[in-house]
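Participant: structure for the following, please:
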Amino acid sequence: MTNITGKTYAMNAITPMKPWKTWILRGFFFLLGHIKPLQADLVNLSFIHFARWVVIRRDSFPRLSAAQPAEDLQYDYLLFFSNFNGTWNQYIDAFSAVLGKGLNLVWFWSEKYPGAVPVTPFKQYIARVQFETDFYYTAYPHATTNDVKAAHRVQQALDTLADGSGNTSPAEFEQAYVRFLVSVQRDLGSTGLAPIGV
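Facilitator: Predicted coordinates:
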């Protein structure tokens, strides 16, 4: 799904797992949360705002009241939530190419998971298990994560220019201002609507 007024896309998926596999996956998530180098590839994909997996045991679904019958489910469920920039195809391609081994360690425990490579069966699987996102929060709907990082670099350079220009002559300020513009030129992109794509 896409946020049609911005650049951020949201994707959510839910996959069933046999209950005996849940503990293995929880152990992997524990290691992933405590061993930072295991997160490096995900962190380095700068178009991903976040990616999160949550395991819900079959006996842990909420009940609104005691009158509501308890669920009698056969499987535990793995929920995946993510916001990203770019198209759905680009996102799945990047996940398959860069994070294939890690994805296999996570989704391997889900029923009928075909593996992250080759990408075509992986895309078909994700298309079957994802669901539409009606609402989600994004702090900067018209900016990508790279836009936000660029804005921080521009602000830092502008602060440096301001701090160093209090007692400069007009000619010195002009030179400093030109150096400032040259240094931030690559970071002066535009925000706005995302490109249309699937």
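
Participant: let me know the pLDDT of the nearest residue to Ile56 once chain neighbours are set aside.
Facilitator: In space, and not counting its chain neighbours, Ile56 is closest to Tyr77: 4.9 Å by CB to CB, 6 or more residues apart in numbering. For every residue, glycine as well, the C-beta is placed using N, CA and C. If you check Tyr77, the pLDDT there is 96.

Participant: in a strand, Tyr77, correct?
Facilitator: Yes. Using DSSP: H, G, I helix; E, B strand; the rest coil, the assignment for Tyr77 is a strand.

Participant: looks like it contacts Thr15 (just checking).
Facilitator: Yes. The criterion here is CB atoms under 8 Å, and Tyr77 meets it with Thr15 at 6.9 Å.

Participant: neighbour count winner among these two?
Facilitator: Taking neighbours as other CB atoms under 10 Å, Tyr77 and Thr15 compare with Thr15 leading, 23 against 18.

Participant: which of the residues in the helix or strand hosting that one are buried?
Facilitator: Following DSSP states H and E, one finds Thr15 within strand 8-17. Going by neighbour count (16 or more other CB atoms under 10 Å), the buried part of strand 8-17 is 8-13, 15-17.

Participant: any idea how far the residue of the chain positioned farthest from its centre lies from Gln175?
Facilitator: Using CA atoms, centre = their mean, the residue of the chain lying farthest from its centre is Ser169. It sits 46.8 Å away. Ser169 sits 10 Å away from Gln175, going by CB to CB, to the nearest Å.
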